[in-house]
Every structure is written in structure tokens, then in C-alpha cells.
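1. make a model of this:
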Amino acid sequence: MSYLVNLKCSECGRSYDPHEVQTYCQDCQAPLLAEYDLHSARSRLDRDEFKSRPRGMWRWHELLPVYDEKDHATLGEGDTPLLPVRRLGDALGLSRLFVKEEGLNPTGSFKARGLSAAISKAKELGVKKVIIPTAGNAGGAMAAYAARSGIEACIYMPKDTPLANIEESRIVGADVILIDGLISDAAKLAGAKSREEGWYDVSTFKEPYRTEGKKIMGYELAEGLGWMLPDVIIYPTGGGTGLVGMWKAFAEMEAMGWLEDLKRPRMVAVQADGCAPVIKAFHDGAAACDYWADAHTIASGLRVPKSFADRLILHDLHTSGGTAVAVSDDDILKAQAQLAALEGIFAAPEGAATLAALYRLVKDGWVRPNESIVLFNTGTGLKYLK
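-> Numbers count the residues shown, from 1 in each chain. This is a model prediction of the structure:
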């Protein structure tokens, strides 16, 4: 079912056994990344066969980390549409503009992908209870897939998390603990509980497999564009699993000989003015981010003061020849309204932030009129209604 062979520390390169429960490299305090036998995959897999399989993320099962199909925790996630947005493109003078519409995933966001992979692997490894700190959507997704798998779930989230995230987590049976503070505060409490009581922590990048679910967005993009990659990907970046995961997918596809053109996209990380640690570090030329004090923004998924994978995010941005853009909450709201009015897409604030960033990039001449550009709307705006 899977060509997974190893887990490797993203800093020191130490190997870890994927047949045992793993978290992250304790020596480096760095994420583990899954490695596959891509030589065998290249000789045995036909890239064009995948389109004939039943739709969904798990049609790529050989390149996902679960060995036995019976352990797949799925609600039909993946295969979200790549929508041409011509009216918006015309308004911006761009001829090849697309939106990857992740709001159509189960639980209403792209978090479904990562948590499907993580909970499936946890189930395969015999994990009985999982815990997560969340800004909202990851908690709802984790709760749903844990319920699907018969695994106990505990969630720490800020009190000002959108109500939809709180209620969707509770209705499927998770123990939801609301706290004063940010996701970083929730992470400290969840981490302490996991250590004291033996919960498996599925925080962003503190287990190896959420990235694997998110990387499938990269496979879908390539397949949808005729095994070519876009020139530019604009991505809202909180924890950064999607950005890191897609960059990993591009490397895997290149190793298997699947891509028609080896030119990789320029990756653009988007954050909010009120919480922009990646943007500051990128433009300062730093290898890692500093903790962002007093983080605030209406885009709760971007209110991440410091990602555990900051070094990976910054490395991938620089390697791609990309950039990093911070946008204001006012600009996010304006972009959200324009995307809805011109294209009928009610984006989450995080997704709308990518359009706000695109305005800036067009004005600065950083993108060209004939380039293929993909904006990621990571969730439905319906989940943010009060």
C-alpha cells in the first residue's frame, strides 16, 4: 500500500523507524520528514493511472504513509477543484489565474488532508488518544477523524476561536478546552498534558504525517495542469505544513520522472501584519523566526507566533526564489469581498489574504501578466460567521 521506508530529521538527518510511534527529533528539536522508495515507485507507478482511481486524497496511497488500507480514516478529503478565475484575472491583468478551493474539503478546510493522514497513521500504530492545540480548523478536523477511527480526542483552543470550530469539535465527541491566550499558549498546555498522561500530540510538525496529507495538494496541482507546475503559488502561512508539504511533493515527482518541466514554482508565504514572523525573518535574511509578541489578526489560522518548522519554511521560500508578504486585516476583508463578488467564492480570511498579497505583487511587478498563478483558499468563509 505504501512505499514509505524511513523518517528523517530535517536538520541532522538521523533516521527514525516509521513502524513505531514517532514525534520529532529530540536532539535538534526539528520536524521529521517521511521518505519513500522513489526508485521503486518510479519503475512501478504510472502517473496517469491515478486519475482512473476513485476520487480523493487516498488514491495516492503508495505515496502516503499508511501501509494497510483498513486503517485509512477518510471522509472523502482531497481532489478539490482548481478553478480558473477569469473575471478576477481580467481585473488584475493576469491571463492564467487560479484558485485551489480547499473549502470544499470535509470539515470545511485543508486541515482535513493533514489530519486524515496523521490520524490514519496513529490508528495503524495503535494510538488510543490524541491531543492537539489549534487555532480552529485543525481541531475540528482532528476531532472528526478521531471519531471516525474510534480514537479519543482532546483539543486546546483559544476562547476567541470561531464558534463553528468549537461546536464541530464537540459534536463529534472531543474534549474541548478553551483557554485565554493564543495557539502558542494552547500548545504549552497540550504538550504538558501529553507528557503527563500519555496522549499522542498531533501538533503541527510535532508528528511526521500531517505534512504528508498536505503534500497531496502538490500532486493534484501537477496532475491538473498536465504534469506541469504553476509559475507562482501564493499560500497563507501559519504553521506552514502545506507550503513545506507541496515543496516536498515537487521533489518526489521530479525524482519519479513525472514532471514535464523541472522548473519549480516561486512560493509566496502570506501572513497578517499583526502576526508576521515568517515575513520578518525572510526579509531580514534570517534562518529562523523570532517569536511574534502580541499576535493579532482576524485570520485565526495565521495567528501563529512561531512555527515549529520555521527553518523549513524559510529554506523552501529562498530555494524557490519566492517571497513573503504581510497584509492588513482591512485588505483581507476587501479581498474577501472582491473574490466573492467577482467569482462567487466565499473564502476564509486566510484564503482571502492570498488575494490581498497578489494585489501587492502585481503592483510591484513581481508577477507577470502571462504567468500561471495559483491562490490557495484554505477554507470556507462560512466557518467564520458569528
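
2. how about the helix or strand harbouring Leu312 as PDB, C-alpha atoms only?
-> Taking DSSP states H and E as the criterion, the element that holds Leu312 is helix 310-320. Once non-C-alpha atoms are left out, helix 310-320 reads as follows in PDB (Å, rounded to 0.1, in the frame of the first residue of the first chain):
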ATOM      1  CA  ASP A 310      10.200  27.900  10.600                       C
ATOM      2  CA  ARG A 311      13.600  26.800   9.200                       C
ATOM      3  CA  LEU A 312      12.000  24.600   6.600                       C
ATOM      4  CA  ILE A 313       9.500  27.300   5.500                       C
ATOM      5  CA  LEU A 314      12.300  29.800   5.100                       C
ATOM      6  CA  HIS A 315      14.500  27.400   3.300                       C
ATOM      7  CA  ASP A 316      11.800  26.500   0.800                       C
ATOM      8  CA  LEU A 317      10.900  30.100   0.200                       C
ATOM      9  CA  HIS A 318      14.500  31.000  -0.600                       C
ATOM     10  CA  THR A 319      15.200  27.900  -2.600                       C
ATOM     11  CA  SER A 320      12.200  28.600  -4.800                       C
END
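
3. what packs against that helix?
-> With contacts taken as 3 or more C-beta pairs under 8 Å, 6 or more residues apart in numbering; DSSP states H and E, helix 310-320 sits against helix 241-255, strand 266-272, helix 277-284. To be clear about C-beta, it is placed using only N, CA and C from the backbone, and glycine gets the same treatment.

4. buried residues, the second one. List them.
-> So that's strand 266-272. By neighbour count with 16 or more other C-beta atoms under 10 Å, strand 266-272 contains the buried residues 266-272.

5. now do the last one
-> By neighbour count, and taking 16+ other C-beta under 10 Å as the criterion, the buried residues in helix 277-284 are 277-279, 281-282.

6. again with stretch 128-147
-> Of the residues in stretch 128-147, 129-147 count as buried by neighbour count, 16+ other C-beta under 10 Å.

7. follow-up on the earlier one: now the helices and strands packed on helix 310-320 in TSV, with distance to Lys215?
-> Shown next, in TSV, are the helices and strands packed on helix 310-320 (distance: least, C-beta to C-beta, whole Å):
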stretch	distance to Lys215
helix 241-255	4
strand 266-272	13
helix 277-284	19
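
8. ok, of the buried residues of strand 266-272, which one's closest to Pro305?
-> Of all the buried residues of strand 266-272, Gln271 has the smallest distance to Pro305: 10.8 Å, by C-beta to C-beta.

9. shouldn't that closest one be in contact with Ala281?
-> No: here Gln271 does not reach Ala281: they are 10.6 Å apart, not a contact under C-beta atoms under 8 Å.

10. chain center to stretch 353-367, what's the gap?
-> 21 Å (C-alpha atoms, centre = their mean, to the nearest Å).

11. make that stretch 185-205, sorry
-> With C-alpha atoms, centre = their mean, you get 20 Å for stretch 185-205.

12. average pLDDT across it?
-> Taken as a whole, stretch 185-205 has a mean pLDDT of 95.

13. for Ser40, which residues are in contact?
-> Listed by C-beta atoms under 8 Å, 6 or more residues apart in numbering, the contact partners of Ser40 are Tyr3.

14. name the SS class of it, please.
-> helix (DSSP: H, G, I helix; E, B strand; the rest coil).

15. next one: the one 10 residues further on
-> Of the three states, Phe50 takes helix under three-state DSSP.

16. same check on Gly239?
-> Put simply, Gly239 is coil when judged by three-state DSSP.

17. got phi/psi on the residue nearest to it when sequence neighbours are not counted?
-> Leaving aside its sequence neighbours, Gly239 sits nearest to Thr204 (C-beta to C-beta, 6 or more residues apart in numbering; 3.4 Å). The phi/psi pair for Thr204 (degrees, to the nearest 10) reads phi -60, psi 120.

18. in CSV, list the buried residues of strand 266-272 along with pLDDT and distance to Phe50.
-> Listed next are the buried residues of strand 266-272 as CSV, based on pLDDT from 0 to 100; distance: C-beta to C-beta, whole Å:
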residue, pLDDT, distance to Phe50
Arg266, 98, 26
Met267, 98, 24
Val268, 98, 27
Ala269, 98, 29
Val270, 98, 30
Gln271, 98, 33
Ala272, 98, 36
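
19. for the spatially closest residue to Arg96 that is not a sequence neighbour, give its distance to Asn6.
-> In space, and not counting its chain neighbours, Arg96 is closest to Ser372: 4.2 Å by C-beta to C-beta, 6+ apart. Here Ser372 is placed at a distance of 34 Å from Asn6 (C-beta to C-beta, to the nearest Å).

20. of the two, which one has the most company?
-> Ser372 (17 against 14; other C-beta atoms under 10 Å).

21. was I right to think the more buried one contacts Leu225?
-> Yes: with contact defined as C-beta under 8 Å, Ser372 reaches Leu225; the gap is 7.3 Å.

22. taking their axis directions, the helix holding Leu312 and helix 277-284 sit at what angle?
-> Calculated by axes from the mean of the first three to the mean of the last three C-alpha atoms, to 10 degrees, helix 310-320 forms an angle of 50 degrees with helix 277-284.

23. grab the nearest non-local neighbour of the residue positioned nearest the centre of the chain.
-> Central residue of the chain (C-alpha atoms, centre = their mean): Gly242, 2.9 Å from the mean position. If the residues on either side of it in the chain are set aside, Gly242 comes closest to Lys214, at 4.5 Å by C-beta to C-beta, 6+ apart.

24. so how far is Met57 from the one you found?
-> From Lys214 over to Met57 the distance is 10 Å, taken as C-beta to C-beta.

25. please apply the same query to Asn377.
-> 17 Å.
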